[in-house]
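Engineer: Provided below are the primary sequence and the corresponding predicted coordinates.
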Amino acid sequence: MKWLADENFRNAIIRGILRRVPEFDIVRAQDIPQISGHDDLVLLGYAAAEGRIVVTHDVSTMIPAMRERLRSTTRCAPIILAPDSLPVSVVVENLLLLDECGTDADWSAGVLYLPLR
């Protein structure tokens, strides 16, 4: 799996993942010049083109951006929504589990909310 953390995603989560699995394939939006500082539509387009799963805390704007993108194209990157209120350790565990056990079919729903139950 390949992952893309949007600009507001907590760096503590990324650090926690990379401490446990240094080869985890995650990039931060702010480190990619063509999407840094741009809106969610640009981020979703980049993620879809690169085959990346978006991780975000931004429930309020990401879902409307996904809907808008799907009105103009049939492809949108899968989105993982992790509420800010979740402890870092829970998000780290959930993302590592999804990365280890997930298959392409798991992403057909388009949006997955953490925590996993």
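Structural biologist: Sure, I can see it.
Engineer: can you list phi and psi of residue 76 for me?
Structural biologist: The phi/psi pair for residue 76 (degrees, to the nearest 10) reads phi -140, psi 140.
Engineer: let me redo that: residue 112
Structural biologist: phi -130, psi 130.
Engineer: what about the strands in the chain?
Structural biologist: 3-5, 26-28, 53-56, 79-81, 111-113 (DSSP state E).
Engineer: residues near the residue lying closest to residue 4 once chain neighbours are set aside, how many?
Structural biologist: In space, and not counting its chain neighbours, residue 4 is closest to residue 52: 4.1 Å by Cβ to Cβ, 6 or more residues apart in numbering. Yep, even glycine has a C-beta here, placed from its N, CA and C like the rest. Applying other Cβ atoms under 10 Å, we find 21 residues neighbouring residue 52.
Engineer: so how far is residue 92 from the nearest residue to residue 50 once chain neighbours are set aside?
Structural biologist: Using Cβ to Cβ, 6+ apart and skipping residues adjacent in sequence, the residue nearest residue 50 is residue 2, 6.8 Å away. Residue 2 is 17 Å from residue 92, where distance means Cβ to Cβ, to the nearest Å.
Engineer: got the contact list for stretch 24-33?
Structural biologist: 1-7, 9, 11, 14, 17-18, 35-37, 43, 46, 52, 55, 96, 99 (Cβ atoms under 8 Å, 6 or more residues apart in numbering).
Engineer: with stretch 58-76 instead?
Structural biologist: Contacts with stretch 58-76, where a contact means Cβ under 8 Å, 6+ apart, come from 6, 8, 39-41, 43-45, 48, 54, 56, 79, 81, 83, 110-111.
Engineer: pLDDT check: weakest of those residues?
Structural biologist: The member of the contacts of stretch 58-76 with the lowest pLDDT is residue 110, at 84.
Engineer: for the closest residue to it other than its chain neighbours, what are its contacts?
Structural biologist: Of all residues beyond its chain neighbours, the one nearest residue 110 is residue 78 (5.9 Å), with distances taken as Cβ to Cβ, 6+ apart. When contacts are counted by Cβ under 8 Å, 6+ apart, residue 78 touches 53, 54, 107, 109, 110, 111, 112.
Engineer: same check, this time on residue 43
Structural biologist: 4, 6, 29, 35, 54, 65 are the contacts of residue 43 under Cβ under 8 Å, 6+ apart.
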